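Enquirer: Predicted model, plus sequence, below.
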Amino acid sequence: MISIKDIAKKAGVSISTVSYALNGNPKVTEETSARILKIANELNYVPNAAARTLKTRVSKIIGVYLTDFSGAFYGELLQGMKEVLNQSGYDLIVCSGSYSHQWLPQRMIDGAIVLDHSFSSEELMQLADRGHKLVVMDRELNHPNVNQVLLDNKAGASLAVEYLIDKGHRKLYVVTGPQGSYDSKQRLQAIKQTVGRSSDVVCTQIEGKFDKDSGELAAKQIIREYTEPAAVFCLNDEMAIGLYNTLVKADFRIGEQIHIIGFDNIELTEYTQPRLATIDYSKRKWGALASEQLIKLIAGETVEHERVYVTLVAGESVGDV
């Protein structure tokens with residue numbers, strides 16, 4: 001790899017002069033700077049970003065930690081993050097896995113947005129204690145260097161269950177997310193509270209993983225147990241779509257025999273017939289807000305925790321009993 005030492009040798013100047021020229025410092029005359037830049041271009045010189053970051057302690061890169069990248073959920077969320085970060089001069093990289101956890105202490109990124117239940121809270125608090133700036137979207141952490149931008153999971157889950165009960169449904173299934181998921185736990189708490197207010201409602205819990213396969217497996221269990229119409233609340237739309245498709249293939253009538261509501265209002269829900277009922281919120285806005293809060297934290301500004309609100313999207317996938 002070509003270094004500034006190689007450029008300095010060919011140009012017959014000092015290393016510091018080359019450094020000044022490459023960084024546009026006015027200490028170097030225009031003529032000398034032009035000659036150095038021409039030589040750098042001829043040698044195919046590429047700046048060492050890691051070395052520059054170590055020197056300036058600023059990378060202008062933000063890391064976004066996600067559990068995985070599958071499904072339709074993440075596109076809008078990441079787009080919202082990217083738009084805000086780019087406007088402020090930051091680039092975005094998407095991270096997954098324990099190795100990338102070292103990028104904060106190594107100063108490869110300037111801050112992190114976390115939506116990854118495999119990234120432990122203990123590790124995040126240690127990073128915050130060392131001065132690193134974080135925004136969490138999937139847990140509650142109290143620290144001056146951590147800001148929370150959380151979805152109103154409890155309100156969304158309450159809306160969904162109340163909608164089913166108001167439609168006359170008393171036999172309910174709930175397909176959950178992974179055991180470690182903050183969103184799933186919050187939604188389950190609200191479901192139990194809402195169901196607990198109706199003594200005649202029976203609710204069966206099926207463990208899922210927030211993916212289409214989980215919905216398909218849940219559908220098979222519901223088919224085996226089917227004796228009368230039932231309503232199903234899938235805690236995200238990916239599982240709801242998997243459940244929906246499997247039931248249709250088994251000749252069940254959605255909105256008549258099995259009634260389904262999801263959570264997230266992903267684009268695909270608009271094209272199901274009958275239309276899938278779901279819980280809506282702006283994923284783009286959620287991502288944008290997380291980026292805005294992190295930029296403020298990095299700048300040393302005081303920030304308050306934020307909450308993203310949700311609404312019910314009624315659909316023909318839930319009928320009256």
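Expert: Sure thing, it's come through.

Enquirer: Ala250 versus the residue most central in space within the chain, what's the distance?
Expert: Closest to where the C-alpha atoms of the chain average out (C-alpha atoms, centre = their mean) is Leu115, at 4.7 Å. From Leu115 over to Ala250 the distance is 34 Å, taken as C-beta to C-beta, to the nearest Å. Placement of C-beta: from N, CA and C, glycine included.

Enquirer: now swap in His259 and tell me
Expert: For His259, the distance to Ala250 equals 15 Å [C-beta to C-beta].

Enquirer: for Asn86, same thing?
Expert: For Asn86, the distance to Ala250 (C-beta to C-beta) stands at 46 Å.

Enquirer: do Lys9 as well
Expert: Taken as C-beta to C-beta, the spacing of Lys9 relative to Ala250 amounts to 74 Å.

Enquirer: and if you look at Leu78?
Expert: Distance of Leu78 to Ala250, computed by C-beta to C-beta: 35 Å.

Enquirer: Same question for Ser158.
Expert: 30 Å.

Enquirer: How about Ser199?
Expert: Noted for Ser199: a distance of 32 Å to Ala250, by C-beta to C-beta.

Enquirer: Of those two, which one has the most company?
Expert: Legend: neighbour count by other C-beta atoms under 10 Å for Ser199 and Ala250, higher for Ala250 (13 against 6).

Enquirer: How about the more buried one: what's its closest non-neighbour residue?
Expert: Ile223 (5.6 Å; C-beta to C-beta, 6 or more residues apart in numbering).

Enquirer: What backbone torsions are found at the one you found?
Expert: Backbone torsions of Ile223, given as degrees, to the nearest 10, read phi -60, psi -40.

Enquirer: quick one: Val174 is in a strand?
Expert: Yes - applying DSSP: H, G, I helix; E, B strand; the rest coil, one finds Val174 inside a strand.

Enquirer: Look up how far Gln257 lies from it.
Expert: Taking C-beta to C-beta, one finds Val174 at 18 Å from Gln257.

Enquirer: more crowded one of these two?
Expert: Shown here are Val174 and Gln257; by other C-beta under 10 Å, Val174 has more neighbours (25 against 14).

Enquirer: ok, that one touching Ile206?
Expert: Yes - in this structure Val174 lies within contact range of Ile206 using C-beta atoms under 8 Å: 7.0 Å.

Enquirer: The spatially closest residue to Ser19 that is not a sequence neighbour: what's it in contact with?
Expert: Closest residue in space to Ser19, ignoring its immediate chain neighbours: Ile4 at 6.0 Å, by C-beta to C-beta, 6+ apart. Ile4 is in contact with 15, 18-19, 22, 45, counting by C-beta atoms under 8 Å, 6 or more residues apart in numbering.

Enquirer: first vs last residue of stretch 304-321, how far apart are they?
Expert: 44 Å (C-alpha to C-alpha, to the nearest Å).

Enquirer: Correction: the previous question concerned stretch 133-153.
Expert: First-to-last residue span, stretch 133-153, C-alpha to C-alpha: 24 Å.

Enquirer: Would you mark the buried spots in it?
Expert: Judged by neighbour count using 16 or more other C-beta atoms under 10 Å, the buried positions of stretch 133-153 are 133-139, 141, 145-153.

Enquirer: Repeat that for stretch 240-257.
Expert: 240-247, 252, 254-255.

Enquirer: okay if I get those residues as JSON lines plus pLDDT, distance to Gly63 and secondary structure?
Expert: Formatted as JSON lines, those follow (pLDDT from 0 to 100; distance: C-beta to C-beta, whole Å; DSSP: H, G, I helix; E, B strand; the rest coil):
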{"residue": "Ala240", "pLDDT": "98", "distance to Gly63": "30", "secondary structure": "helix"}
{"residue": "Ile241", "pLDDT": "97", "distance to Gly63": "30", "secondary structure": "helix"}
{"residue": "Gly242", "pLDDT": "97", "distance to Gly63": "30", "secondary structure": "helix"}
{"residue": "Leu243", "pLDDT": "98", "distance to Gly63": "34", "secondary structure": "helix"}
{"residue": "Tyr244", "pLDDT": "98", "distance to Gly63": "35", "secondary structure": "helix"}
{"residue": "Asn245", "pLDDT": "98", "distance to Gly63": "35", "secondary structure": "helix"}
{"residue": "Thr246", "pLDDT": "98", "distance to Gly63": "37", "secondary structure": "helix"}
{"residue": "Leu247", "pLDDT": "98", "distance to Gly63": "40", "secondary structure": "helix"}
{"residue": "Phe252", "pLDDT": "98", "distance to Gly63": "44", "secondary structure": "coil"}
{"residue": "Ile254", "pLDDT": "98", "distance to Gly63": "41", "secondary structure": "strand"}
{"residue": "Gly255", "pLDDT": "98", "distance to Gly63": "43", "secondary structure": "coil"}
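
Enquirer: Alright, that wraps it up for me.
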